[in-house]
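Peer 1: pasting the sequence and the predicted model now:
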Amino acid sequence: MAGFAMMLYGLLVVVAVGLAWMTARRRGPVRVGAAAALTMQAARRRAIVAIGFALVLLLAGFVVSLAVPGWLGLAAAIAPAVAGAGGLLLYAATPPPQDRETHARFSASLDRRGPWTIAPRGGLTSLGVVLVLLLGVLIFTGATSDVDDRGLYRAITFATSTHSSTATPYPGWFYAVPLMGATALLVIAAWIALRRIATTASLTGEGLQDMDRLWRVRSAQIIVGIAFATVSLQIGGVAVFAGTTMRNAQFHPGVPVAWDVLATLLLILGIVATVVSIASLTLATLRTFTLPGQLSHAHDSEMGGSVQPPAVGGRA
């Protein structure tokens, strides 16, 4: 069931990315100088490779889970966070292109840049909310878990004075603790990727401060979007996992009806979080494919329709 769900998720992501790519191809010509064009091409290439690498790692995690059943699905459980972290770390590790002219003149803002200052506040707030939600769900499922026949906290038990029922697998501490560690790795990777954007040298050329700020903001939106999609997918998997296992346990007389309601709510949360994850990854991909066009139109709008004169050089 979990394998089929992830195959469906992967298929939907492929379709969404394809639609994003076709939408990007319909955009008009981009009007940017040589320095900005070099930076945008490098930034777009890094993001595309990062997203592709993350999807490959995600698929690999589920293949490993099927190939090594003795791991009890642990590889699949942490696959989204590991995949997202791997993609973001690859983004940060990709070296910048060489300057075309090492002695080109440039002007840049003196504002202090940092990993969190360049990222959109709304995106960071949303990412913080889903991180707290994921942590809350994991703590809850861990606290309500029970040991299975192997002595691992991956079962849930409903017991009264006359009846008892146990269902497994359940996202108890056996899964929750590694998930917390993988999510922490994802947050660190997102910080490293944002720092990569913040510390990159300014565009080479005069009068490119606005364009320089715009490419950093758009790139940061992509990074935060990938992280948000990853955490949302984690929430979706854990919630569906927990809700389904609760339903598999028998709600015999004496078990509070609140457990049945909670199982339904978890299933709904899981479905919604998975849909949100697909939407977030699609938006991040669309922003990646349309990165030069986004900046060109946004810059023209800020400058009142003026066209930035060509410049040479630039790094990303």
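Peer 2: Here it is on my side, so go on.

Peer 1: secondary structure class for residue 158?
Peer 2: What DSSP: H, G, I helix; E, B strand; the rest coil gives for residue 158 is strand.

Peer 1: any idea how far it is from residue 146?
Peer 2: 10 Å (C-beta to C-beta, to the nearest Å). Quick note: C-beta positions are derived from backbone N, CA and C, even for glycine.

Peer 1: next helix or strand past the strand or helix carrying residue 125?
Peer 2: Using DSSP states H and E, residue 125 sits in helix 121-143. Scanning forward in sequence from helix 121-143 by DSSP H and E, the next helix or strand is strand 146-147.

Peer 1: rewinding a little: which residues are in contact with both of residue 158 and residue 146?
Peer 2: Common contacts of residue 158 and residue 146 (C-beta atoms under 8 Å, 6 or more residues apart in numbering): residue 166.

Peer 1: I'd guessed residue 250 sits against residue 159; true?
Peer 2: No: between residue 250 and residue 159 there is no contact under C-beta atoms under 8 Å: 10.9 Å.

Peer 1: which neighbours do the two have in common?
Peer 2: residue 165.

Peer 1: double-check residue 280 against residue 224; I have them as touching.
Peer 2: No: look at residue 280 against residue 224 with C-beta under 8 Å: they stay out of range, at 9.2 Å.

Peer 1: how about low-confidence regions in the stretch 101-250 of the chain?
Peer 2: For the stretch 101-250 of the chain, applying pLDDT under 70 flags the ranges 101-113, 203-208.

Peer 1: tell me the pLDDT of residue 34.
Peer 2: We note a pLDDT of 62 for residue 34 in this prediction.

Peer 1: now do stretch 81-90: distance to the chain's middle.
Peer 2: 9 Å (C-alpha atoms, centre = their mean, to the nearest Å).

Peer 1: do me a favour and average the pLDDT over it.
Peer 2: Mean predicted confidence for stretch 81-90 is 96.

Peer 1: any idea how many residues pack against residue 146?
Peer 2: By other C-beta atoms under 10 Å, the residues close to residue 146 number 17.

Peer 1: what about the strands in the stretch 151-300 of the chain?
Peer 2: 153-159, 164-167 (DSSP state E, counting those that start in this stretch).

Peer 1: of those strands, which is nearest residue 189?
Peer 2: Of all those, the one in closest proximity to residue 189, counting by C-beta to C-beta, is strand 153-159 (27.0 Å).

Peer 1: just the CA trace of the closest one, in CSV.
Peer 2: The C-alpha trace of strand 153-159 is given here as CSV (Å, rounded to 0.1, in the frame of the first residue of the first chain):
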residue,chain,number,x,y,z
TYR,A,153,8.0,0.5,19.2
ARG,A,154,6.1,0.2,16.0
ALA,A,155,2.6,-1.0,17.1
ILE,A,156,-0.5,0.5,18.6
THR,A,157,-2.7,-1.3,21.2
PHE,A,158,-6.2,-0.6,22.3
ALA,A,159,-7.0,-2.4,25.6
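
Peer 1: what helix or strand is residue 42 on?
Peer 2: Element membership for residue 42 (DSSP H and E) is helix 34-67.

Peer 1: counting by contacts, list what that helix packs against.
Peer 2: In terms of contacts (3 or more C-beta pairs under 8 Å, 6 or more residues apart in numbering; DSSP states H and E), helix 34-67 is packed against helix 2-25, helix 74-93, helix 209-248, helix 258-289, helix 291-302.

Peer 1: mind redoing it with 6 Å?
Peer 2: On a contact count with 3 or more C-beta pairs under 6 Å, 6 or more residues apart in numbering; DSSP states H and E, helix 34-67 meets helix 74-93, helix 209-248, helix 258-289, helix 291-302.

Peer 1: how about the second one: buried residues?
Peer 2: For helix 209-248, burial by neighbour count (16 or more other C-beta atoms under 10 Å) applies to 209-247.

Peer 1: same check on the first one?
Peer 2: Buried residues in helix 74-93, counting neighbours by 16+ other C-beta under 10 Å, are found at 74-92.

Peer 1: quick one on the thing from earlier: of the strands of the stretch 151-300 of the chain, flag the one that's most buried.
Peer 2: Neighbour counts (mean count of other C-beta atoms under 10 Å) averaged over each of the strands of the stretch 151-300 of the chain peak at strand 153-159, with a mean of 20.

Peer 1: tell me what angle that strand forms with helix 121-143.
Peer 2: 60 degrees (axes from the mean of the first three to the mean of the last three C-alpha atoms, to 10 degrees).

Peer 1: number of nearby residues for residue 177?
Peer 2: Applying other C-beta under 10 Å, I find that residue 177 has 13 neighbouring residues.
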